[in-house]
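# what shape does this take:
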Amino acid sequence: MIEPFRIHSVEPLRLTTVEERQRAIREAGYNLFNLHAADVLIDFLTDSGTGAMSRDQWAGIQRGDESYAGSPSWFAFLAAVQELFPFRHVIPTHQGRAAEKILFSVIGGPGKAIPNNTHFDTTRANVEFTGAEAIDLVVPEGREPAALHPFKGNMDLAALDAFLAARETGTVPAVMVTITNNSGGGQPVSLENLRGVRALCDRYGIPLYLDACRFAENAWFIREREPGQEGRAVADIVRELASLADGMTMSAKKDPLANIGGWLALDDDELAERCRNVLILTEGFPTYGGLAGRDLEAIAQGLREAVDHDYLRYRVRSTAYLGEGLARSGLPMVQPYGGHAVYVDARALLPHIPPLEYPGQALAVALYETGGIRGCEIGTVMFGRRPDGSEEPAAMDLVRLAVPRRTYTQSHVDYVVEVCAAVAARAGELRGFRIASQPPVLRHFTARFEPLS
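Take a look at the predicted model:
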């Protein structure tokens with residue numbers, strides 16, 4: 001494994017002491033989202049918008065045309081999107097959650113329910129904000145961190161069939177499938193499974209939408225793992241994934257390799273018109289959607305680079321390199337490793353910390369204090385609060401180490417492994433947290449914590 005690129009420019013990193021990091025995280029209310037990025041050495045909080053853009057993307061930024069309506073940059077963006085996702089209507093947004101907000105504000109509402117393999121945080125919040133119910137129906141293996149299965153992101157088809165059969169007509173406005181399944185460990189969905197979801201949607205007369213922000217990584221896993229798919233071009237697999245859906249939401253900050261942007265795409269004319277009306281109210285004109293022309297150009301080029309086989313081979317293999325190093329150091333990991341991140345099973349590593357004392361948060365804080373690594377809790381902090389305000393343990397308590405694209409070197413990854421091994425060696429000393437303050441929704445972004453003695 002080598003990086004299929006050369007470094008063109010560099011950005012300095014600030015080295016800090018343990019004492020400085022302990023003070024910083026305390027002042028941040030033990031919430032890693034509240035840290036100053038300058039106080040972070042290795043930032044694995046998210047892969048969203050944090051990657052390094054290519055020479056050709058920066059060149060595209062120089063070509064950006066900032067006309068309010070009908071910019072040439074819009075048409076370059078539209079052509080690049082429809083080359084992979086040939087939906088008739090493409091509605092640009094400033095990022096993926098804006099596309100979710102538009103879609104669910106139009107199709108959601110009280111009494112409705114939207115099943116998914118696993119909703120991610122903003123998807124769930126945007127569904128529930130309308131009064132609808134967000135239902136997770138991932139296969140059983142997807143809830144077992146150590147279970148080995150090539151497509152742990154798959155929808156449980158039997159459970160989906162039973163769910164749709166039990167619902168009144170008109171109360172399920174759409175079925176969604178997230179590729180890859182971020183909340184479940186970055187796990188892919190197979191073509192066979194998506195065809196099965198499509199068949200059920202056809203039987204019940206319900207549209208199918210993709211949350212497709214990691215489409216290229218999912219397609220690479222299909223190429224590598226699914227019988228009959230070996231040797232296919234990733235771009236062709238992507239187009240087949242799109243052909244099975246009625247629409248999609250996208251964060252261009254993930255696989256499209258941009259620092260900002262997203263879109264909603266669909267084929268339904270009447271629904272597209274309603275969504276565009278919301279777009280104009282909230283995001284901007286339909287040919288820029290809250291983005292500058294230079295952003296549209298960067299996304300267009302990023303889409304071409306995202307399906308390059310040399311890049312994807314490096315991307316998936318380098319993430320697995322991190323996971324293998326952590327596993328050798330004794331950390332329990334979600335298996336197999338995801339394409340964009342590795343997930344540490346904090347509940348298994350810290351069995352002495354009950355889920356309602358947030359073992360994932362305890363581990364994430366310890367990684368930062370020990371080595372300046374910023375990860376993200378994907379567990380009871382993120383998903384434990386129910387719409388009625390009650391609290392219950394999430395299905396899993398994980399810490400996600402999301403690897404920004406084309407950003408860190410192998411020596412950075414080796415350092416992360418060393419820090420994680422040091423934390424694992426004293427896992428029994430770690431203690432849980434309680435929430436001192438929290439907002440009513442998406443609390444993990446801004447909540448403040450206090451350590452338990």
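# is Pro92 in a helix, a strand, or coil?
strand (DSSP: H, G, I helix; E, B strand; the rest coil).
# any idea how far Met250 is from it?
10 Å (Cβ to Cβ, to the nearest Å). For glycine as for every other residue, the C-beta is placed from the backbone atoms N, C-alpha and C.
# name the residues contacting each of those two.
Any residue near both Pro92 and Met250 by Cβ atoms under 8 Å, 6 or more residues apart in numbering counts here, and that gives Gly262, Trp263.
# need phi/psi at the residue lying closest to Pro140 once chain neighbours are set aside.
Distances taken as Cβ to Cβ, 6 or more residues apart in numbering put Asp156 closest to Pro140, at 7.1 Å, once the chain neighbours are dropped. Per-residue torsions, Asp156: phi -80, psi 100 (degrees, to the nearest 10).
# and for Ile435?
Per-residue torsions, Ile435: phi -90, psi 120 (degrees, to the nearest 10).
# per-domain residue ranges of the chain.
Following automatic domain parsing, one gets these domains for the chain: 18-47+308-451, 55-306.
# so which of the ones you listed is nearest Arg6?
Nearest to Arg6, of all the domains of the chain, is domain 55-306, at 9.7 Å by Cβ to Cβ.
# need the nearest residue in space to Lys253, chain neighbours excluded.
Gly49 (3.5 Å).
# and that neighbour, what does it touch?
For Gly49, the contact set (Cβ under 8 Å, 6+ apart) comprises Gln95, Lys253, Ala258, Asn259, Ile260.
# help me confirm that the third one comes into contact with Ile299.
Yes: counting by Cβ atoms under 8 Å, Ile299 is a contact partner of Ala258 at 4.6 Å.
# name the residues contacting each of these two.
Counting by Cβ under 8 Å, 6+ apart, the contacts common to Ala258 and Ile299 are Ala252.
# what is the neighbour count of Arg143?
For Arg143, the count of nearby residues is 14 (other Cβ atoms under 10 Å).
# again with the one 3 residues further on
By the measure other Cβ under 10 Å, the count of residues near Ala146 is 11.
# secondary structure element holding the closest residue in space to it that isn't next to it in sequence?
For Ala146, ignoring the flanking residues on the chain, the nearest one in space by Cβ to Cβ, 6+ apart is Gln335 at 5.8 Å. Here Gln335 is covered by no helix or strand, with elements defined by DSSP states H and E.
# and Gln335, how close does it get to Asn116?
Relative to Asn116, and taking Cβ to Cβ, Gln335 is found at 22 Å.
# these two - which one has more neighbours?
Shown here are Gln335 and Asn116; by other Cβ under 10 Å, Asn116 has more neighbours (25 against 19).
# which strand residues bridge the more buried one?
Asp136 (DSSP bridges).
# tell me how far it lies from Leu78.
Separation of Asn116 from Leu78 (Cβ to Cβ): 27 Å.
# partner residues bridging Gly262?
Under the criterion DSSP bridges, Gly262 forms beta bridges with Thr93, Ser251.
# mind listing the strands for the stretch 101-250 of the chain?
In the stretch 101-250 of the chain, the strands defined using DSSP state E, counting those that start in this stretch lie at 113-116, 133-136, 175-178, 208-211, 247-251.
# mind checking how far the last one is from the chain centre?
Think strand 247-251. When distances are taken as Cα atoms, centre = their mean, to the nearest Å, strand 247-251 is centred 12 Å away from the chain's centroid.
# give me the buried positions along stretch 105-120.
The neighbour-count check on stretch 105-120 (16 or more other Cβ atoms under 10 Å) flags 105-108, 112-120 as buried.
# what sits against Pro451?
Residues counted as contacts of Pro451 (Cβ under 8 Å, 6+ apart) are Tyr30, Val365, Arg431, Gly432, Phe433.
# select only the buried ones of these in ChimeraX?
Selection of buried members from the contacts of Pro451 for ChimeraX, criterion 16+ other Cβ under 10 Å:
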select :30,365,432,433
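# now do Leu270 against Met176, distance only.
If you look again at residue 270, you'll see it is Glu, not Leu. 20 Å.
# which of those two has more residues huddled nearby?
More crowded of Glu270 and Met176, by other Cβ under 10 Å: Met176, with 28 against 7.
# now that one. Nearest residue, chain neighbours left out?
Asn116 (4.3 Å).
# same question, Ala52
Nearest residue to Ala52, sequence neighbours excluded (Cβ to Cβ, 6+ apart): Arg406, at 4.3 Å.
# same check on Tyr343?
Val334 (3.9 Å).
# what's that neighbour in contact with, if anything?
Pro145, Ala146, Gly184, Gly185, Gly186, Gln187, Val342, Tyr343, Val344, Asp345, Met396, Leu398.
# please name the nearest non-neighbouring residue to the most centrally placed residue in the chain.
By Cα atoms, centre = their mean, the mean C-alpha position of the chain lies nearest to Asn182, the distance being 4.8 Å. If the residues on either side of it in the chain are set aside, Asn182 comes closest to Phe120, at 4.9 Å by Cβ to Cβ, 6+ apart.
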